[in-house]
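S.K.: this one's structure only:
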Ligand code: 13P
Ligand code: SF4
């Protein structure tokens, strides 16, 4: 039963003590997040992993690319464990190394040495390594603006992987027009539509988050008509149209902060993953919080980390087995770390 699993998890955690560190992303289930030593958005979790050089076991409650980042940033004596190997990210899967190399060669032919690559942390270690090798950096949803400014200070153009929406939303906020952005289609190895290539500043990889794409402009229109006093707060993985029509957009941490500092009786409609929206609802009964899509939008892969898998991961450590370890190959880790360190240094 859940009660048995919960008490077993508490007992195991207590016995492992300082040997165990549990980072948990804001999209994790309540059942799991209750055991997290630190919770955070992607940037915070990268930072806490970099800061914890002590615990030999890191049971990462989040998705695969986050566990890879933790492995890259921690010491060799530390092992990062993902409680369920199926906890991937469909967005990260939208860019692979071969596609990226083909795109880069094509773009270098077109634009010469005027491009720098940036990748959202929601990408594989291989993509981060590619970006690191070519002078670029990673970005998260909470530092994307700063990182684009950093990149534009060096080169005229950015190849932004793999989330077109975060790339477009952030560049637009910096005053770049939609006409100055093109989409790279990695399936057909080409730039979409006939743009004036001379004015291109952003080359957006054609990737997206299948969870955040479920928040649509018709949800916003419906809300504006029926509940005009409800503030709309979305994650920048939502489309440009949705992000523009919303009142506020920002990372998971930004979303939490807005609700935490709001007055009693505030009304919100939130466009992000279901577990976070539900947690905000239960932590803030003094406010009225709904999901922008009434059907609620779960990230199925984040939700693969559930109580049984979490307890099983602790049981395995307890039995002396290193199961589901996420280990990034040294040659990849070295270059991926360059890209992550550049971000952490900006
Ligand atoms: P942040 O926590 O950085 O806002 O990212 C959200 C996300 O989609 C993680 O997969
Ligand atoms: Fe990936 Fe979207 Fe899930 Fe985040 S919410 S892990 S971007 S699929």
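M.R.: Cool, the structure landed. It should be emphasised that the depicted structure is a prediction, and the values quoted were computed from it without experimental measurement. Numbering: from 1, shown residues only. Ligands and ions are numbered 1, 2, ... in the order given.
S.K.: pLDDT below threshold where in the stretch 1-150 of the chain?
M.R.: Along the stretch 1-150 of the chain, segments meeting pLDDT under 70 are nowhere present.
S.K.: next one, pLDDT for residue 194 please.
M.R.: On pLDDT, residue 194 comes in at 68.
S.K.: show the contacting residues for residue 275.
M.R.: Residue 275 makes contact with 26, 27, 28, 29, 30, 33, 298, 299, 302, 303 under the criterion Cβ atoms under 8 Å, 6 or more residues apart in numbering. C-betas here are computed from N, CA, C, even on glycine.
S.K.: drop anything exposed from these.
M.R.: With neighbours counted by 16 or more other Cβ atoms under 10 Å, the contacts of residue 275 contain buried members at 26, 27, 28, 29, 33, 298, 299, 302, 303.
S.K.: CSV please, covering those residues and showing distance to ligand 1 and secondary structure.
M.R.: CSV is the format used below for the buried ones among the contacts of residue 275 (distance: Cβ to the nearest ligand atom, whole Å; DSSP: H, G, I helix; E, B strand; the rest coil):
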residue, distance to ligand 1, secondary structure
26, 6, coil
27, 6, coil
28, 11, coil
29, 14, coil
33, 13, helix
298, 12, coil
299, 7, coil
302, 7, helix
303, 12, helix
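S.K.: dump the residue contacts of the closest residue to residue 31 other than its chain neighbours.
M.R.: Closest residue to residue 31 apart from its sequence neighbours, by Cβ to Cβ, 6 or more residues apart in numbering: residue 307 at 4.5 Å. Residues in contact with residue 307, defined by Cβ under 8 Å, 6+ apart, are 2, 5, 6, 9, 29, 31, 32.
S.K.: now the helices for the stretch 1-150 of the chain?
M.R.: 2-16, 30-33, 42-51, 64-73, 97-111, 125-133, 144-152 (DSSP state H, counting those that start in this stretch).
S.K.: now do the domain split for the protein, please.
M.R.: According to automatic domain parsing, the chain is divided into the following domains: 2-87+302-329, 92-205, 212-291.
S.K.: so which of the ones you listed is nearest residue 346?
M.R.: Comparing those against residue 346 with Cβ to Cβ, the closest turns out to be domain 92-205 (4.9 Å).
S.K.: ok, now which ones touch residue 265?
M.R.: Contact criterion Cβ under 8 Å, 6+ apart gives 286, 287, 288 as the residues in contact with residue 265.
S.K.: the closest residue in space to residue 61 that isn't next to it in sequence: neighbour count?
M.R.: The shortest distance from residue 61 to any non-neighbouring residue, by Cβ to Cβ, 6+ apart, is to residue 24 (4.1 Å). Burial of residue 24 is recorded as 23 neighbouring residues (other Cβ atoms under 10 Å).
S.K.: beta partners of residue 24?
M.R.: residue 39, residue 61 (DSSP bridges).
S.K.: surely residue 80 and residue 325 touch.
M.R.: Yes - checked against Cβ atoms under 8 Å, the pair residue 80 and residue 325 is within contact range at 6.7 Å.
S.K.: filter the buried ones among the contacts of residue 275 by proximity to ligand 2?
M.R.: When the buried ones among the contacts of residue 275 are filtered against ligand 2 using Cβ under 6 Å from any ligand atom, the residues retained are 299, 302.
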